[in-house]
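1. Below is the sequence, then the predicted model.
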Amino acid sequence: MAAVSPGAPPIVQQKQKIENLLDLPIADQLAYQFPYDVQTRFPAYIWQTWKYVPGSTNFEEKFRVPEASWTEKHPEFVHEVITDSVAVHLMRHLYSSVPSVLEAYESLPLPILKADFFRYLILLARGGIYADIDTQALQPATEWISSQFKPSSVGLVIGIEADPDRPDWAQWYSRRIQFCQWTIQSKPGHPVLREIVANITMETLERKRKGTLKKKLDKVVDWTGPAVWTDTIFEYFNNPKFFNIQSGSKIDYQNFTGMKEPKKVGDVVVLPITSFSPGVGQMGAGEVDDPMAFVKHDFEGSWKPESERHIGEEKKKENK
């Protein structure tokens, strides 16, 4: 991690009086509405989304154990499963002061796009943990950050989804190192979340202006999914506003491939593939009983079209 000066702190956003807030770029509007302070505690929230709440008879049995695991491992946390209809009202409440973001959210043409966008939006505004409904908590979040890192210096915790060290990796994944977004922990206002919300908003409104919202829907990963999430994280790592970047140096996939222990870049803790993807049987991931296994993902993806399901399913078929 030579590209980052040790201890280089991320910028803390300060609220200030702004006359014409809506005239500012979207990212600046978000920075004003949701200021970031790395020294605060991680909020004790767990956010999930699904078509039904657990109390509904329509809530699928296969999700009951995974969903309950989050409360079992975090008994003092506020744990909310947000339905699509509730999500709309929640977003209107949180983002009424940034109308372009709200317009983008309501304009997205597919449930998967809104589900992706929701996780960034809720974490930007409120912080805490977002977890897909088909994930199971194996260890409490208090164990996710190594004792070698001060929690007051960490604002975002992410895990590696894919590390495909093979020549044909591009046939299976969008990026050589891909960060997962089925589980994310963040403090509110984090710059990565601010930037991805701004980018998705601008992309969506541009598509709306051109009348192309329903075109190229096979590129969900690049619009709201793990590809754009990964790109935004790497852009943050190489942004001189937040880090002291040495001339000619760049943080890329090589800094994370094959890692077995967590790494800290500025205020971001990157967990190895075992932490959020244990038991996948590839790319060096350990099993669910590994000490570094924190969250198990069942890769249901049942709200997604077949073409967008996780590559793990294809790997299982390939290995048969």
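-> Perfect, I can see it now.
2. before we move on, which element is the nearest residue to residue 124 once chain neighbours are set aside in?
-> Nearest non-adjacent residue to residue 124, counting by CB to CB, 6 or more residues apart in numbering: residue 193, 4.0 Å away. All C-beta spots, glycine's among them, are computed from the backbone N, C-alpha and C. Here residue 193 sits within helix 191-210, counting by DSSP states H and E.
3. returning to what we had before: quick one: contacts for the residue nearest to residue 124?
-> The contact partners of residue 193, taken as CB atoms under 8 Å, 6 or more residues apart in numbering, are 120, 123-124, 156, 186.
4. pLDDT value on it, please?
-> Listed pLDDT for residue 193 reads 98.
5. Equivalent analysis for residue 312, please.
-> pLDDT, residue 312: 42.
6. Could you do residue 221 as well?
-> Value for residue 221, per-residue pLDDT: 89.
7. Same check on the one 3 residues further on?
-> Among the per-residue scores, residue 224 shows a pLDDT of 96.
8. Check residue 13 too.
-> Residue 13 is assigned 45 on the pLDDT scale.
9. and if you look at the one 4 residues further on?
-> With respect to pLDDT, residue 17 scores 53.
10. What are the boundaries of the strands in this structure?
-> In the chain, the strands defined using DSSP state E lie at 45-49, 78-82, 128-131, 135-137, 156-162, 178-179, 183-186, 263-265, 268-271, 295-297.
11. what about the helices in the stretch 1-150 of the chain?
-> 26-33, 64-73, 84-95, 99-107, 111-126 (DSSP state H, counting those that start in this stretch).
12. Dump the ones you listed to a markdown table, plus mean neighbour count.
-> Shown next, in a markdown table, are the helices of the stretch 1-150 of the chain (neighbours: other CB atoms under 10 Å):
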| stretch | mean neighbour count |
| --- | --- |
| helix 26-33 | 20 |
| helix 64-73 | 17 |
| helix 84-95 | 16 |
| helix 99-107 | 18 |
| helix 111-126 | 23 |
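13. So which of the ones you listed is nearest residue 203?
-> helix 99-107 (8.2 Å; CB to CB).
14. Which neighbouring elements make contact with that closest one?
-> Helices and strands touching helix 99-107, as assessed by 3 or more CB pairs under 8 Å, 6 or more residues apart in numbering; DSSP states H and E, comprise helix 26-33, helix 84-95, helix 111-126, helix 191-210.
15. Poorly predicted segments of the stretch 201-320 of the chain, please.
-> Low-confidence segments of the stretch 201-320 of the chain, defined by pLDDT under 70, span residues 247-248, 300-320.
16. Dump the helices of the stretch 1-150 of the chain to a markdown table, plus mean pLDDT.
-> A markdown table is the format used below for the helices of the stretch 1-150 of the chain (pLDDT from 0 to 100):
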| stretch | mean pLDDT |
| --- | --- |
| helix 26-33 | 96 |
| helix 64-73 | 98 |
| helix 84-95 | 96 |
| helix 99-107 | 97 |
| helix 111-126 | 97 |
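17. quick one, which of the helices and strands packed on helix 99-107 is nearest to residue 40?
-> Minimum separation from residue 40 across the helices and strands packed on helix 99-107 (CB to CB) falls at helix 111-126, 12.3 Å.
18. Give me the angle between that closest one and helix 26-33.
-> On the basis of axes from the mean of the first three to the mean of the last three CA atoms, to 10 degrees, helix 111-126 is oriented at 40 degrees to helix 26-33.
19. What are the contacting residues of helix 111-126?
-> With CB under 8 Å, 6+ apart, helix 111-126 has contacts from 30, 34, 43, 45, 47, 49, 82, 84, 87, 90-91, 94-95, 101, 104-105, 108, 128, 130, 181, 184, 186, 188-190, 193-194, 196-197, 200, 220, 223-225, 303-305, 308.
20. Relative to residue 261, which of the helices of the stretch 1-150 of the chain is closest?
-> Nearest of the helices of the stretch 1-150 of the chain (CB to CB): helix 64-73, 22.1 Å.
21. For that closest one, name the packing helices and strands.
-> Counting contacts by 3+ CB pairs under 8 Å, 6+ apart, helix 64-73 packs against strand 45-49, strand 78-82, strand 135-137.
22. Can you give the strand pairings for the second one, parallel or anti for each?
-> For strand 78-82, the pairing partners within the sheet under DSSP bridges are strand 45-49 (parallel).
23. Same check on the shortest one?
-> Partner strands for strand 135-137, per DSSP bridges, with pairing direction: strand 295-297 (antiparallel).
24. For the partner strand, buried residues please.
-> The neighbour-count check on strand 295-297 (16 or more other CB atoms under 10 Å) flags 295-297 as buried.
25. Next, format those residues as CSV and append distance to residue 244.
-> Formatted as CSV, the buried residues of strand 295-297 follow (distance: CB to CB, whole Å):
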residue, distance to residue 244
295, 32
296, 37
297, 35
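26. Please identify which of the helices and strands packed on helix 64-73 is closest to residue 283.
-> Nearest of the helices and strands packed on helix 64-73 (CB to CB): strand 135-137, 18.3 Å.
27. what is the rounded mean pLDDT of the closest one?
-> Mean predicted lDDT for strand 135-137 stands at 98.
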